[in-house]
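S.K.: The following comprises the amino acid sequence and a computationally predicted model.
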Amino acid sequence: MIPDPVLDQSYQGALYVTYTSTLPPWSVSTSMDVFVDKELGVLTIDNGTLSYAGDTIIQEDSKMVRSGQWKMYPIGTLMEDAGRKYIDVDVQLEVQNDILQIYAKDNNGNWVLVNETPFNETPYSVVSFDFLDATTSSSTVSVQEAGGSIIWTLAVMPVITP
């Protein structure tokens, strides 16, 4: 006996992430392709990379520079609770080379590195999206952090089959 499909149709779209930092300022984004299979509701999400960098003058003789990269290996699950479908995504975010550098000007006006601090914290990256919202426009989850914000957006649409 073959079970009925979980969904009426398959869906495809994208998982978007926007990372905004306040100090130093930057806003970067990327997207990862998403496919939702109608038979079992299995999600396939492409891996993604997000690179960021920014600098800011603290005083005229000192500045901060921060740069790094996220590698993302997302896995998603279609769930249903009380008739409401939603998609849980564990982005499995890996922070790489996230470094804050402080520079000061020497007597000749050249920038000299005076401090370098690595960041090892992984931002919160387990998010849940409303399936109906994701299929009609998009479903968004915002995460506030001390130094900025992360916005995750899932948008999928039915796959058109001939």
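M.R.: Cool, the structure landed.
S.K.: For the rest of this, base every contact and every neighbour count on C-alpha atoms.
M.R.: OK.
S.K.: can you map out the strands along the chain?
M.R.: Under the criterion DSSP state E, the chain contains strands at 11-22, 25-36, 43-45, 48-59, 62-72, 75-81, 84-90, 93-105, 111-118, 126-130, 139-145, 148-158.
S.K.: Poorly predicted segments of the chain, please.
M.R.: Regions of the chain meeting the criterion pLDDT under 70 cover residues 1-3, 162.
S.K.: make it 90
M.R.: 1-6, 40, 83, 119-122, 124, 145-147, 160-162 (pLDDT under 90).
S.K.: what sits against residue 72?
M.R.: Taking CA atoms under 8 Å, 6 or more residues apart in numbering as the criterion, residue 72 is in contact with 47-49, 91-94.
S.K.: Could you dump those into CSV and include distance to residue 56?
M.R.: What follows is those, written out as CSV (distance: CA to CA, whole Å):
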residue, distance to residue 56
47, 31
48, 27
49, 24
91, 29
92, 30
93, 26
94, 25
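S.K.: Of those, just the buried ones, ChimeraX syntax please.
M.R.: Remark: buried members of the contacts of residue 72, expressed as a ChimeraX selection using 16 or more other CA atoms under 10 Å:
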select :47,48,91,92,93,94
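S.K.: mind putting the strands of the chain in JSON lines, distance to residue 4 included?
M.R.: Output for these, formatted as JSON lines (distance: least, CA to CA, whole Å):
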{"stretch": "strand 11-22", "distance to residue 4": "17"}
{"stretch": "strand 25-36", "distance to residue 4": "16"}
{"stretch": "strand 43-45", "distance to residue 4": "17"}
{"stretch": "strand 48-59", "distance to residue 4": "33"}
{"stretch": "strand 62-72", "distance to residue 4": "33"}
{"stretch": "strand 75-81", "distance to residue 4": "16"}
{"stretch": "strand 84-90", "distance to residue 4": "17"}
{"stretch": "strand 93-105", "distance to residue 4": "34"}
{"stretch": "strand 111-118", "distance to residue 4": "51"}
{"stretch": "strand 126-130", "distance to residue 4": "22"}
{"stretch": "strand 139-145", "distance to residue 4": "27"}
{"stretch": "strand 148-158", "distance to residue 4": "18"}
